[in-house]
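S.K.: Quick one, fold the following:
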Amino acid sequence: ADQSEYPKAAGISAGTGSCMAERRNFVRLVLLHLSADSGGQNFFVLGGKHMKKRFLALLLVLTLLVGLMPAALAADTVDVSALPEYTAGADTSAGAAYKISTEESLRAFAAAVKADDGNGTYAHAGVTLYLAGDIALTGTWKPVGSTATYVGDFFAGTFDGCGHTISGLNVQGSTANQGLFAAINKATIRNLNVSGTVNCGTKNYVGGIVGKVQDGTIENCSFSGSVTGGGHTGGIAGGLNGNDVTISGCANLAAVTGTTAGGILGYWKKTASIRDCYNTGSVTGSAKAGGIVGQLNKGTIENCYSIGDIGGKASQKGGIFAFSSATVKNCYYTLPETEVLGGTAAAATHITSPEGLADELGNAFQEDTAGANNGYPILVWQAGEVVQPDPRIELTGPDTLWRTANEPQPQATITAACKDMDRTRKSTGR
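M.R.: Numbering: from 1, shown residues only. This next block holds a predicted model:
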């Protein structure tokens with residue numbers, strides 16, 4: 001797919017230099033949409049001496065959640081053109097914000113995130129950087145934070161690409177943690193397109209956007225070109241090293257090659273959330289190769305698809321994952337024709353055409369009306385639109401409780417989670 005076919009991400013006004021946050025909430029007449037594993041059974045069913053009922057504490061849970069539901073937020077607009085340009089020696093106190101509009105500024109930022117024995121002095125925690133326009137890099141690239149080895153020194157701020165593209169990325173690394181960013185911790189990278197080459201031989205933690213994610217969020221990003229690494233190699237992120245990681249709304253268009261390789265994520269042995277992502281690039285692994293992830297032991301992979309070639313000598317390979325025991329929901333793939341999977345995760349759905357796929361994937365996707373993605377769905381932000389949220393409360397727990405007159409009152413836990421709001425909040429009733 002050719003990224004140039006798509007307009008800038010939603011909320012970007014090239015004329016004014018403003019950049020709107022992608023996350024928005026809209027006022028809905030229907031505030032609550034309840035979904036539970038029960039398939040929507042009634043709260044109360046009475047009959048004989050038995051009473052089949054939905055747990056009464058649910059009402060208390062919902063009351064608490066309604067109180068926690070955030071008010072609809074207006075679009076958070078930042079006039080990027082009015083921000084100061086990032087320079088070497090810039091004040092990086094929490095709350096500071098800068099624009100980056102030149103290669104010089106981008107390189108100054110990359111060098112400013114550096115080692116400090118884990119003290120985090122240069123991690124840029126609480127600092128927001130906005131890309132003010134497309135940047136074409138020249139020469140080789142030293143990843144953001146390339147000298148940091150302690151987690152506390154990894155980039156910890158927010159980098160908002162505002163829908164712009166960094167092209168010409170050329171990383172030729174001889175150590176682990178390679179990509180546009182070497183490693184991040186409690187950071188957010190969003191609304192960014194990157195193209196180029198990341199070639200690091202057999203080193204681990206090699207990704208197009210980030211080599212290693214300790215904790216943090218990568219959302220609405222794309223990478224095109226090629227990524228070559230070792231054990232943990234991915235088009236967006238090479239590998240994770242913490243359980244509080246979300247990758248959403250991302251697209252890999254690059255050829256990915258590694259030992260354990262994935263179109264979006266290479267490897268993580270524990271928990272992560274990957275949703276609303278797709279892969280069109282080839283994924284080649286010598287041990288494991290997956291269209292979305294090479295290996296993800298736990299967590300969720302949801303609303304994703306892959307149409308790229310999956311190959312190599314990998315003993316385990318799959319359209320969505322090669323090895324996983326995570327929850328895999330609403331995922332689709334075209335290749336390989338025959339999967340060899342590891343782990344206990346349910347296999348994804350094999351498809352042969354894009355017909356109806358955008359509707360199945362949900363509101364983060366839309367039809368490829370321009371034909372830039374061979375007819376397969378694109379992400380809404382790639383078409384210059386905003387994802388319309390579906391604010392709701394999802395319930396998990398027992399569907400019913402049985403009680404007779406002679407039995408003690410039963411107890412159970414029902415967990416309710418807010419979805420598609422400015423943040424996810426959980427409350428538990430017992």
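
S.K.: Got the confidence number for G231?
M.R.: pLDDT recorded at G231 is 89.

S.K.: wait, doesn't it sit right on G201?
M.R.: No - contact between G231 and G201 fails when scored by C-beta atoms under 8 Å: they sit 11.6 Å apart. Where C-beta positions appear, they are placed from N, C-alpha and C, glycine not excepted.

S.K.: who has more neighbours, those two?
M.R.: Shown here are G231 and G201; by other C-beta atoms under 10 Å, G231 has more neighbours (23 against 12).

S.K.: check contacts around the residue nearest the centre of the chain.
M.R.: Centroid-nearest residue in the chain, with C-alpha atoms, centre = their mean: I247, separated by 1.5 Å. By C-beta atoms under 8 Å, 6 or more residues apart in numbering, I247 lies in contact with T217, I218, E219, I236, A237, I264, L265, A272, S273, I274, R275, C277.

S.K.: what does E360 give?
M.R.: E360 neighbours (C-beta under 8 Å, 6+ apart): N330, Y332.

S.K.: hmm, 10 Å instead?
M.R.: Contacts were defined as C-beta atoms under 10 Å, 6 or more residues apart in numbering; by that measure E360 touches N303, Y305, N330, C331, Y332, T349, I351, P377.

S.K.: so the third one makes contact with D359?
M.R.: So that's N330. No - N330 is not in contact with D359 according to C-beta atoms under 10 Å; the separation is 11.2 Å.

S.K.: Name the residue in the two with the higher neighbour count.
M.R.: Using other C-beta under 10 Å, the more surrounded residue of N330 and D359 is N330, with 15 against 12.

S.K.: how close does that one get to I320?
M.R.: With distances taken as C-beta to C-beta, to the nearest Å, N330 is found 10 Å from I320.

S.K.: Between these two, which contacts overlap?
M.R.: By C-beta under 10 Å, 6+ apart, the residues touching both N330 and I320 are I301, C304, Y305, A348, T349.

S.K.: what number of residues lie near P354?
M.R.: Quick note: P354 (other C-beta under 10 Å) scores 18 neighbours.

S.K.: ok, now P84?
M.R.: 11.

S.K.: For it, list the residues it contacts.
M.R.: P84 neighbours (C-beta under 10 Å, 6+ apart): A90, D91, A96, A97, Y98, K99.

S.K.: Could you do V206 as well?
M.R.: So V206 contacts 171, 173, 176-179, 198-200, 212, 227-234, 237-239, 256-258, 261, 266 (C-beta under 10 Å, 6+ apart).

S.K.: Try it again at 7 Å.
M.R.: Q178, G179, V198, C200, V227, G229, G230, H232, T233, G238, G258 (C-beta atoms under 7 Å, 6 or more residues apart in numbering).

S.K.: Now, those residues that are in strands?
M.R.: If you go by DSSP state E, the contacts of V206 have V198, V227, T233, G238, G258 in strands.

S.K.: Pull out the buried members of the contacts of I247.
M.R.: T217, I218, E219, I236, A237, I264, L265, A272, S273, I274, R275, C277 (16 or more other C-beta atoms under 10 Å).

S.K.: which among the residues you listed gets closest to G294?
M.R.: Relative to G294, the closest of those is L265; by C-beta to C-beta it sits at 7.2 Å.

S.K.: Touching, the closest one and G291? I think so.
M.R.: No - contact criterion C-beta atoms under 7 Å: L265 and G291 do not qualify, at 10.9 Å.

S.K.: Skipping its backbone neighbours, what lies nearest C19 in space?
M.R.: The shortest distance from C19 to any residue other than its chain neighbours is 3.8 Å, reached at C162 (C-beta to C-beta, 6 or more residues apart in numbering).

S.K.: The one you found against V80, yeah?
M.R.: Yes - between C162 and V80 there is a contact under C-beta under 7 Å: 6.4 Å.

S.K.: what sits in contact with each of those two?
M.R.: Counting by C-beta under 7 Å, 6+ apart, the residues touching both C162 and V80 are C19, Y130.

S.K.: picking that back up, closest to L131 among the contacts of E360?
M.R.: Proximity of these to L131, judged by C-beta to C-beta, is greatest for P377, which lies at 25.6 Å.
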